[in-house]
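Participant: Compute the structure for the input listed below.
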Amino acid sequence: MDPIAILILAAGASSRMRGRDKLCEDAAGQPLLSRLVTRAMATRIPVLVTLPGPDHPRTGLIGGAGAVSVPDAQEGMGASIRAGVAALPPDTRAVMILPADMPDITTADLETMRDAFRAAPDQVHRATSEDGTPGHPVVFPTRLFPALLTLRGDAGARAVLRGEAIRLVPLPDRHALTDLDTPEDFAAWRTV
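Facilitator: This is a model prediction of the structure:
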């Protein structure tokens, strides 16, 4: 088994979609969540997906990935990260974390991040756009798991990144930055 795992954060409320679930929205012929999970599974890296609960409709979109229920998902991204890291297999040496609403992330992008971890396994690796703007995914080595398990609120892992020497890993175009949060975001992305 690869010592790294992918953690896809998919327990959010889609609050800016005006009643629609962004992760169930069509993204080039399949639900957005399925698109990302399929690409992650193609890496043959273990994949975990955080979900609002075991009976949520998103559960049917994750194929063979591991489902992690986040009963306190309304707290924000911190709850998802805590639940996901707590569910990692015990021999995991790093976790690659990314939000589920990133339609342009490819299997090759995830493999690029995995390879960066393998080259420097004790460092944080953060994807960037071609122009160097930081984005997702971010790879956290096992030494930071205790800090990830204490996260609260909706700020993600920003507090854990403070003070770390972060290795930036460029991905093509805006793959590391493009996320879809609103109906307008979907409309604009579909016209590109």
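Participant: now the helices for this structure?
Facilitator: Under the criterion DSSP state H, helices of the chain are mapped to 32-41, 77-86, 107-119, 145-148, 158-161, 183-190.
Participant: Just the C-alpha atoms of the first one, please, in PDB.
Facilitator: Read that as helix 32-41. Presented in PDB, the C-alpha positions along helix 32-41 are these (Å, rounded to 0.1, in the frame of the first residue of the first chain):
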ATOM      1  CA  LEU A  32     -18.800  16.900  -9.800                       C
ATOM      2  CA  LEU A  33     -18.000  14.600  -6.800                       C
ATOM      3  CA  SER A  34     -17.900  11.500  -9.000                       C
ATOM      4  CA  ARG A  35     -15.600  13.200 -11.400                       C
ATOM      5  CA  LEU A  36     -13.000  14.000  -8.700                       C
ATOM      6  CA  VAL A  37     -13.300  10.600  -6.900                       C
ATOM      7  CA  THR A  38     -12.900   8.700 -10.200                       C
ATOM      8  CA  ARG A  39      -9.700  10.700 -11.000                       C
ATOM      9  CA  ALA A  40      -8.400  10.100  -7.400                       C
ATOM     10  CA  MET A  41      -9.200   6.400  -7.500                       C
END
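Participant: returning to what we had before: select, out of the helices of the chain, the one closest to Pro134.
Facilitator: helix 158-161 (9.1 Å; CB to CB). Backbone N, C-alpha and C define where each C-beta goes, glycine included.
Participant: so how far is the closest one from its chain's centroid?
Facilitator: 15 Å (CA atoms, centre = their mean, to the nearest Å).
Participant: Just want the most central residue of the protein.
Facilitator: For the chain, the residue nearest the mean C-alpha position is Leu98 (1.7 Å; CA atoms, centre = their mean).
Participant: Distance of the closest residue to that residue other than its chain neighbours relative to Ile8?
Facilitator: Closest residue in space to Leu98, ignoring its immediate chain neighbours: Pro137 at 3.7 Å, by CB to CB, 6 or more residues apart in numbering. Note on Pro137: its distance to Ile8, by CB to CB, to the nearest Å, is 9 Å.
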